Structures are given as C-alpha cells and as structure tokens.
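Undergrad: generate coordinates for the sequence data below:
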Amino acid sequence: MELEMHPHQWERRAPDWPAAIVSGLVAGAVLMVMDLIWSSIMSSGDTWRSSHLISAIVLGPSALQDNAFNMGVVAVALVTHYALGVVFALCLAFIVAGFHYESSVPMIETIGAMFGIGVYVISMHGWSHVFPWITELRGWATLIGHMVFGMTAALTYWKLAQRGRVAG
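TA: Next up, the predicted model:
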C-alpha cells in the first residue's frame, strides 16, 4: 500500500457545510449511545448522570440535584449535546477542507482522532473552569468516546463531502 504525499498547507476553501452538520449529528448520536451503554454497565444506578451534567451547562447547577430520569433535563441535554456536536463538526470540516486532509481514510481518521482528543482537552479541562461539574466526566472512557466522536465525524464528513463533489 502506498500512501500519497500531499502538502497540507492552508488554502482558503469552503467546507461542505451540510455534510459537516450531518456528520456532527451522526457522531453525536454515536457518542451518546456509547455513553448510555457505558454508564448503564459501569455506574451504580446513575444512568442519567451524564444528562444532568450536560444539561447543567444550560440549566445551571440546579440540574445536578439528583440523577433520576427527568424528561426536561434529558431534552435540554440532547439539544445541548447535538448543538455542540454540530459546532465541533463544523470546526473539523473547516480544518479538513482548509488543509486538504481528505486524501485518504487513514489520514481522515487520524485527523478525526486527534481532533477528538483536542475536543476532550478543551471540554474536560478548559471549560471545567466555567462548568466545574464537568470534571466528573474526565477519564479514559470519555477520552475514547471523544476520539470515536472525532473519527466518526471525520469519516462521515469525508464520505458525504465526497458524494457532494461527485454529484456537483
């Protein structure tokens, strides 16, 4: 197998924005399912804790009062989770398009994994100064989840943007 060498210099080029939005929604869904599975296996009855932690970004610390299922808390967590997933995927698409990282699947997956690590560091360490309860989510499972998010977003974007170029 021969890897193609491309200079990855910045070139102002618009990403496929609709593909980026869809990739954020898809990657967000994958991360959410992973989190639900992980929390139901590993936690002691705190399956909805992540929903409370995420919704507290919008609702404030009052959302952290208990871990019971609450439709309002879950709805706010879903909207927040997907909105952040789309924003992060838009940023990833901007990087991929600008640096021409769509040259191969290994390249796009590597960029996605690195992006996921970056999102983890920013979210779990940077934003924890504003939302201190987020530190509760730090750990290997969350790091791996963010890497999978980045890889899923990158691969989905790559596939959808590729279709757009062929059709257009």
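
Undergrad: C-alpha from now on. contacts and neighbour counts both.
TA: Fine.

Undergrad: name the helices or strands packed onto whichever strand or helix holds residue 147?
TA: If you go by DSSP states H and E, residue 147 is part of helix 140-167. Applying 3 or more CA pairs under 8 Å, 6 or more residues apart in numbering; DSSP states H and E, one finds that helix 140-167 contacts helix 17-42, helix 71-99, helix 105-121.

Undergrad: for the record, mean pLDDT for the first one?
TA: So that's helix 17-42. Helix 17-42 comes out with an average pLDDT of 92.

Undergrad: again, but for the last one
TA: Mean pLDDT, taken over the full extent of helix 105-121, equals 96.

Undergrad: ok, the second one next?
TA: In this model, helix 71-99 has an average pLDDT of 95.

Undergrad: and what of stretch 144-159?
TA: Mean predicted lDDT for stretch 144-159 stands at 97.

Undergrad: how far away is the nearest residue to residue 142 once chain neighbours are set aside from residue 160?
TA: Nearest in space to residue 142, with sequence neighbours left out and distances taken as CA to CA, 6 or more residues apart in numbering, is residue 120 at 7.6 Å. According to CA to CA, to the nearest Å, residue 120 and residue 160 sit 25 Å apart.

Undergrad: looking at these two, which is more packed in?
TA: residue 120 (22 against 17; other CA atoms under 10 Å).

Undergrad: touching, that one and residue 146? I think so.
TA: Yes: at 6.0 Å, residue 120 counts as touching residue 146 under the criterion of CA atoms under 8 Å.

Undergrad: tell me the buried residues in stretch 59-66?
TA: 63, 64 (16 or more other CA atoms under 10 Å).

Undergrad: which other residues reach it?
TA: With CA atoms under 8 Å, 6 or more residues apart in numbering as the test, stretch 59-66 has contacts from 52, 53, 55, 56, 73, 76.
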